[in-house]
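Asks: below are the sequence and a predicted model; questions follow.
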Amino acid sequence: MNQVEILLVEDNENDAELALRALRKNNIVNNIIHIKDGPEAIDYVFCKGQYTERGIENIPKIILLDLKLPKMTGLEVLKAIKEDVRTKMIPVIMLTSSKEEPDIEKSYMLGANSYIVKPVAFDAFLDAMKNVGYYWMLINQSPNQ
């Protein structure tokens with residue numbers, strides 16, 4: 001199985017579709033998994049529930065994580081990922097509509113690697129996704145995991 005390059009955790013279908021389209025349009029990644037809530041994201045990352053067959057060594061190269069998710073917040077997901085030695089090195093990019101300073105501070109305190117506010121305008125959102133993809137998938141050098 002090909003390594004998942006990006007795990008997109010986003011409950012808003014429109015935002016998810018735009019992000020997926022922007023990343024694919026720019027040929028940044030081939031293998032993207034889209035998950036819609038916090039508990040499923042935890043199950044995916046830690047190979048639980050419906051993802052028990054997946055090997056934890058096959059971790060995503062990056063996680064794009066929405067802050068406001070159903071059932072479990074993005075901050076709770078971030079905390080779980082960054083507290084586990086097996087997953088704490090995965091770059092997690094918070095991708096959210098919140099510009100609230102407490103959300104930004106808490107995200108970084110919990111180990112977020114980047115915090116991006118979703119642009120409202122369609123073209124700006126496509127550009128933001130293209131830039132995120134280029135930087136984290138092509139430019140940034142991560143340790144071998």
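Replies: Yep, it's here.
Asks: helices of the protein, residue ranges please.
Replies: Along the chain, counting by DSSP state H, helices occupy 13-25, 38-45, 74-83, 101-109, 122-133.
Asks: distance between the ends of stretch 88-102?
Replies: 22 Å (Cα to Cα, to the nearest Å).
Asks: hmm, I typed the wrong one, I wanted stretch 50-62.
Replies: 21 Å.
Asks: then stretch 52-62?
Replies: Start-to-end, stretch 52-62 (Cα to Cα) is 20 Å.
Asks: ok, now how distant is the residue positioned nearest the centre of the chain from residue 42?
Replies: With distances taken as Cα atoms, centre = their mean, residue 64 lies nearest the centre of the chain, 1.7 Å away. To residue 42, residue 64 is 16 Å away according to Cβ to Cβ, to the nearest Å. In short, each C-beta sits where N, CA and C put it, glycine included.
Asks: can you check residue 116 too?
Replies: 22 Å.
Asks: bridged to residue 9, which residues?
Replies: In this entry, residue 9 is beta-bridged to residue 35, residue 65, by DSSP bridges.
Asks: wait, it sits on residue 66?
Replies: Yes - with contact defined as Cβ atoms under 8 Å, residue 9 reaches residue 66; the gap is 5.9 Å.
Asks: overlap in contacts, the two.
Replies: Contact criterion Cβ atoms under 8 Å, 6 or more residues apart in numbering; residues shared by residue 9 and residue 66: residue 74.
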